[in-house]
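> The sequence isn't on hand, but the structure is:
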């Protein structure tokens, strides 16, 4: 049972890591908490559901993944053009970006609510047999699929940030956008590109959440809280710290739900975040995240 709980917790933490990674990317570059990310997650969950349900027989799941990723990138680009671009041109303070992101998140959620209501929608089954045997344990195929996709994406994202010229430009803009511009880096383009990468993660996260749970307008915003907690614990702006904290968060949550029920879990998670803010506000990542704050 302990192995089963840890495995389920790691799978859940992998989803939180995808959310937190998109959160950390945008915070590192633009220095604000992008809550519009949650609205994009919800929208992509609905897009994946309707795309999968629109055809009979259903299209290959990998095609639905690609559609959701593209939708997340496109929606994030539109949000950037409508909500953030003008603010960047005017060198607005981070508070204005934050307010714009909250406004977009609420707007997207309300649009989804008006069109689809608040009822939860079940995603069409992805596997005929939902479980499989592994090392003598029965595990969920969906959990294993989510874990595999999350690990691959996070590894690719880490390589992109740490080993590519684009990643070098992103890190340079994160340190100082104005100096980067004078060094020949198109800071505005890099910021938009970073947001689009976060949108890619939002697209696949929305689909994974829809497959694992159910689809409803507040799906993304509710999960954004978990991404925020992971980002704070890991260190705001730190990708590696956020991923580690997200996996740890998923394991702690699963164990708490199993032993004490789901009611006490949010209290415990927010309590842990409060302790970190009081004792170690820079998070697990330490100095790097502190510089970004």
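Noted; the coordinates are in hand. Nothing here was measured: the structure is a model prediction, and the numbers come from that model.
> on contacts alone, who are the packing partners of the helix ranked longest in the chain?
Ranked by residue count and defined by DSSP state H, the top helix of the chain is helix 2-30. In terms of contacts (3 or more Cβ pairs under 8 Å, 6 or more residues apart in numbering; DSSP states H and E), helix 2-30 is packed against helix 36-53, strand 137-140, helix 141-163, helix 165-175, helix 187-212, helix 219-234, helix 239-260. Any C-beta I mention is one placed from the backbone N, CA and C, and that applies to glycine too.
> Show me which positions of that helix end up buried.
Buried residues in helix 2-30, counted by 16 or more other Cβ atoms under 10 Å: 7-30.
> Any buried residues in stretch 239-258, and which?
239-257.
> what do you get for stretch 75-84?
Buried, per 16+ other Cβ under 10 Å, within stretch 75-84: 75, 76, 77, 79, 80, 83, 84.
> Just give me how far it sits from the chain centre.
17 Å (Cα atoms, centre = their mean, to the nearest Å).
> Stretch 249-260 now?
Distance, centroid of stretch 249-260 to centroid of chain: 20 Å (Cα atoms, centre = their mean).
> Name the residues that touch stretch 159-177?
Contacts to stretch 159-177, defined as Cβ atoms under 8 Å, 6 or more residues apart in numbering, come from residues 25, 28-29, 179-180, 183, 185, 187, 190-191, 193-194, 197, 237, 239, 292.
> repeat that with 6 Å
Residues outside stretch 159-177 that contact it (Cβ atoms under 6 Å, 6 or more residues apart in numbering): 28, 29, 180, 185, 187, 190, 194.
> want to throw those residues into CSV with pLDDT?
Conversion of these to CSV gives the following (pLDDT from 0 to 100):
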residue, pLDDT
28, 78
29, 82
180, 81
185, 83
187, 83
190, 89
194, 90
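> returning to that earlier point: weakest of the helices and strands packed on helix 2-30 by average pLDDT?
Lowest mean pLDDT within these: strand 137-140, at a mean of 73.
> rewinding a little: indicate which one of the helices and strands packed on helix 2-30 is closest to residue 89.
Closest to residue 89 of the helices and strands packed on helix 2-30, according to Cβ to Cβ: helix 187-212, at 8.2 Å.
> which residues touch residue 36?
So residue 36 contacts 79, 101, 104, 105 (Cβ under 6 Å, 6+ apart).
> how far away is it from residue 231?
15 Å (Cβ to Cβ, to the nearest Å).
> Kindly report the same for residue 262.
22 Å.
> who has more neighbours, the two?
Neighbours per residue, other Cβ atoms under 10 Å: of residue 262 and residue 231, the larger number sits with residue 231, 30 against 10.
> Test my guess that that one contacts residue 23.
Yes - Residue 231 lies in contact with residue 23 (Cβ atoms under 6 Å); the separation is 4.9 Å.
> Can you give me the neighbour number for residue 158?
Residues near residue 158, counting by other Cβ under 10 Å: 15.
> how far away is it from residue 81?
Taken as Cβ to Cβ, the span from residue 158 to residue 81 is 28 Å.
> One more: residue 121?
30 Å.
> Same question for residue 190.
16 Å.
> now do residue 217
As judged by Cβ to Cβ, residue 217 and residue 81 stand 23 Å apart.
> Could you do residue 34 as well?
15 Å.
> Over to residue 27?
Taking Cβ to Cβ as the measure, residue 27 falls 20 Å from residue 81.
> same check, this time on residue 94
In terms of Cβ to Cβ, residue 94 sits 19 Å off from residue 81.
> do the same with residue 232
Note on residue 232: its distance to residue 81, by Cβ to Cβ, is 29 Å.
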